[in-house]
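Q: Task: produce atomic coordinates for the following.
(2 chains)
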Amino acid sequence: MKFRGKWGKSVAFLTVMIFVLGVFAAGCGGGGDTIKIGVNYELSGQVATYGTSCKNGVMLAFDEINKDGGVLGKEIEGLVQDNKSQNREARNVAEKLVSKGVVAVIGPATTGNVQAEEPVLTKSKIPLLATAATAPEVTYDEKNKKVRDYVFRVCIIDPDQSQVVSNYLHDELNLKNGAIMVDKNNDYSVGLGRTFKEFFTDKGGKIVAEEGFIDTDTVFKPQLTSIAAKKPDFIYIPAYYNQVGMVIKQARELDIDIPILGADGWDSPELVSLAGVNNLSQCYFTNHYSVEDPSERIQHFVKAYEEKHGTTPDAFAALGYDAGYLMAEAIKQAGEANPQKIKDAMANIKDFEGVTGKLSFDEKHNPIKEVSIIEMVDGKQKLITKMQPVH
Amino acid sequence: MQDLLQQLLNGLSQGSIYALIAVGYTMIYGIIQLINFAHGDVIMVGAYVALGAALMGFGFIPSLILAMITCAILGVVIERVAYRKVRPVSRLAALTSAIGVSLFLQYTMMYFLGADIRSFPADILPERTYTLGGVIVTNKDLLVLGTTLVLVIILQFIIFRTRTGKAMRAVSFDGQAAQLMGINVNYTVAFTFFIGSAMAAAAGMLYGICFNVQPLMGLMPGLKAFIAAVLGGIGSVPGAMLGGILLGMTESLVAAFGGSMYRDAVAFIILILILLIRPTGLLGKGVQEKV
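A: Okay, here's the model as predicted:
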């Protein structure tokens, strides 16, 4: 069909206008009796266990909130979407959620996927609450020295983890010569490796070897052999569990029995089966919380989660749970389910009590929270200590 | 020096995995000139079958046999359904069909079993390490190398010392002429797939034990094994073994001397150089023009 002449153009214009209005109406009208929150997570693919845990945590929080009467008299409706652990899908999912009229989005879990989603939400002026994306860039645009107004996160940032782990190594374990091994294809891993090196050398430690691998690698022995030749006291491997499991296994096969340390990417029940229980002795990582923490809030959460999902919640589930409650709190303080007001309320959150610690945002939308240090003992996570990073 | 030896050994163990996969690739190519891109995925299916058996409590050998039988049947079915009709039409059609089979297997597996990484129970192959003059060898390395050697010898025997092997070589030389001489070409090709896929299953189980199991696990090693097969001279079984080990050692040495990021690039550059100098590969036969 073609529109011709003066009338034709007007008809075309009208058609487009009606269509646009229709979309708007659909978007606004849906918010009548529920508050729609997008839940964009890695439910399949590379890091499926992260996304699934986060999603379970978020939905558990929503269930509890709705059971207690919801927020502002309305129920929260979580629209769950799978981004398949792919950047492109994370963006598509964000667009889909915006078109369904969500007032805010929680997730994804990883830095790369949040960064892929962010432009879509910022453009549509919808607040984004990331759960486990720990790179500083996520909430702060380094290039333009500007805070990303609509992006918040419930997790600590990467430099907090590398700062705490370097203090722990230097002051508590008394180890001075380290090796670093990072996933060169992964910003999270590269960033942690870089900041760790800065913190550790500032304290007077020495990095004697630096090696890399890429995410599709399955053989790490060449790099590990090179590292062993430099005789370090420990190896720092800030990467995801699926690789770390194999790296640790192969390191132990080469008789490298020094401590191996990492970050929250290690937190998955799969790590134990991938690496093997015995190989994980002398392995430590920094994390957002520990299930062992005796506080009442944490034990209530652990029990509720176990009842619902039959497994112990990992840190991702805890962050998801906090994200759910934090979102509800922001909506409550905003006074209405309006994206702009939610964003403003979120920025002013003070001393929010979550299972992953007491949370206030700094000026870059990063929470200031304690970091837990976990040791693997007989295949189980054991909380060693909690340390406060200095911002 | 010790480190260098260790690196060479790391390369040998990686290379023998490539070799194990490459042998199956090269055999199928040798007989019907088809690059069976689904080979890597048959490996994946083999790994899953073996994993399933191991999780149900079967030991190493029963799991291996079960995986080999399943994959041998799968191989014959793939040949019957996806290749037999298109094989005589053109090589390109068969190649395209092979890529289709490859994707079909990957995503069917992902649909039913998810994309999660799974690992074999630790007791399927209790880990042992041996130290020889400061160089560390694991029993897995030895097992993979040993299996590859044994399979190469068995294959050479089948191809050069049995009637079926004679038929295979005849089909490889000229399918139509072989048919005129009373050789059942379809049976011979099916048999080739039967053997090749059973070997893929063995490779899959060993690979899975070393590096875990997931639906796309066959992709990269399949590609590397293909290169190893070309490097050694595609169609030549000992060539595939040599190519695999060379590729593994090159990768290991490149990674050892600071280039872990350039490992693949350097490995592929060496491949290109070898092919420029010897287009038929290291042990490949010279191509004869048919008049």
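Q: wait, B:Arg91 sits on B:Gln33?
A: Yes - B:Arg91 lies in contact with B:Gln33 (CB atoms under 8 Å); the separation is 6.3 Å. The C-beta positions use only the backbone N, C-alpha and C, and glycine is treated the same way.
Q: so where do the helices sit in the chain?
A: Going with chain A. A:5-29, A:48-67, A:87-99, A:111-124, A:158-167, A:187-202, A:221-229, A:241-253, A:270-275, A:296-309, A:315-334, A:339-347 (DSSP state H).
Q: was after chain B, sorry
A: B:2-32, B:39-55, B:60-78, B:91-113, B:139-161, B:163-173, B:175-180, B:185-211, B:219-232, B:237-254, B:263-277.
Q: ok, A:Glu353 - contacts?
A: By CB atoms under 8 Å, 6 or more residues apart in numbering or on different chains, the contact set of A:Glu353 is A:Arg297, A:Leu359.
Q: how close does it get to A:Arg153?
A: As judged by CB to CB, to the nearest Å, A:Glu353 and A:Arg153 stand 17 Å apart.
Q: Spell out which residues of the stretch 151-291 of chain B are next to chain A.
A: For the stretch 151-291 of chain B, the residues in contact with chain A (CB under 8 Å from any CB of the partner chain) are B:Cys210, B:Phe211, B:Asn212, B:Met220, B:Glu251, B:Ser252, B:Leu253, B:Ala255, B:Ala256, B:Gly258, B:Ser260, B:Met261.
Q: which residue packs closest to the closest residue to chain A within the stretch 101-250 of chain B, ignoring adjacent ones?
A: Nearest to chain A in the stretch 101-250 of chain B, going by CB to the nearest CB, is B:Phe211, at a distance of 4.0 Å. Distances taken as CB to CB, 6 or more residues apart in numbering or on different chains put A:Thr218 closest to B:Phe211, at 4.0 Å, once the chain neighbours are dropped.
Q: How about the contacts made by the one you found?
A: Going by CB under 8 Å, 6+ apart, the list of residues near A:Thr218 reads A:Met246, B:Cys210, B:Phe211, B:Asn212, B:Met220.
Q: if I read this right, the first one contacts A:Phe220, doesn't it?
A: Yes - the pair formed by A:Met246 and A:Phe220 meets the contact definition of CB under 8 Å, at 6.6 Å.
Q: The two: who's more crowded?
A: A:Phe220 (25 against 22; other CB atoms under 10 Å in any protein chain shown).
Q: Correct me if wrong: that one contacts A:Lys249.
A: No - applying CB under 8 Å as the test, A:Phe220 and A:Lys249 come out as separate, 9.1 Å apart.
Q: What is the neighbour count of residue 262?
A: Let's take chain A. 29.
Q: you looked at the wrong chain, it should be chain B
A: 13.
Q: That one touches B:Leu253, doesn't it?
A: No - judged on CB under 8 Å, B:Tyr262 makes no contact with B:Leu253 at a distance of 11.7 Å.
Q: Which residues of the stretch 51-200 of chain A lie near chain B?
A: Going by CB under 8 Å from any CB, the residues of the stretch 51-200 of chain A near chain B are A:Lys184.
Q: ok now do the closest residue to chain B within the stretch 51-200 of chain A, which residues does it touch?
A: Closest approach between the stretch 51-200 of chain A and chain B, counting by CB to the nearest CB: A:Lys184, at 5.8 Å. Counting by CB under 8 Å, 6+ apart, A:Lys184 makes contact with A:Val190, A:Gly212, A:Phe213, A:Ile214, B:Met261.
Q: who touches the last one in this structure?
A: Residues counted as contacts of B:Met261 (CB under 8 Å, 6+ apart) are A:Lys184, A:Gly212, A:Ile214.
Q: tell me the phi and psi of the first one?
A: Looking back up the chat, that one is A:Lys184. Per-residue torsions, A:Lys184: phi -70, psi -20 (degrees, to the nearest 10).
Q: Spell out which residues of the stretch 201-350 of chain A are next to chain B.
A: A:211-214, A:216, A:218-219, A:221-223, A:225-226, A:228-229, A:242, A:245-246, A:253-255, A:270, A:273-274, A:276-277.
Q: which among these end up buried?
A: Among those, the ones that count as buried by 16 or more other CB atoms under 10 Å in any protein chain shown are A:211-213, A:218-219, A:221-223, A:225-226, A:228-229, A:242, A:245-246, A:253-254, A:270, A:273-274, A:276.
Q: Quick check: A:Glu75 vs B:Leu282, distance?
A: 69 Å.
Q: And the lowest mean pLDDT element among the helices and strands of chain B?
A: None of the helices or strands of chain B scores lower by mean pLDDT, DSSP states H and E than helix B:263-277, at a mean of 81.
Q: Counting neighbours, what do you get for residue 125?
A: Went with chain A since none was named. Per other CB under 10 Å, the neighbour tally for A:Lys125 reads 12.
Q: The intended chain is chain B.
A: Counted with other CB under 10 Å, B:Leu125 comes out at 19.
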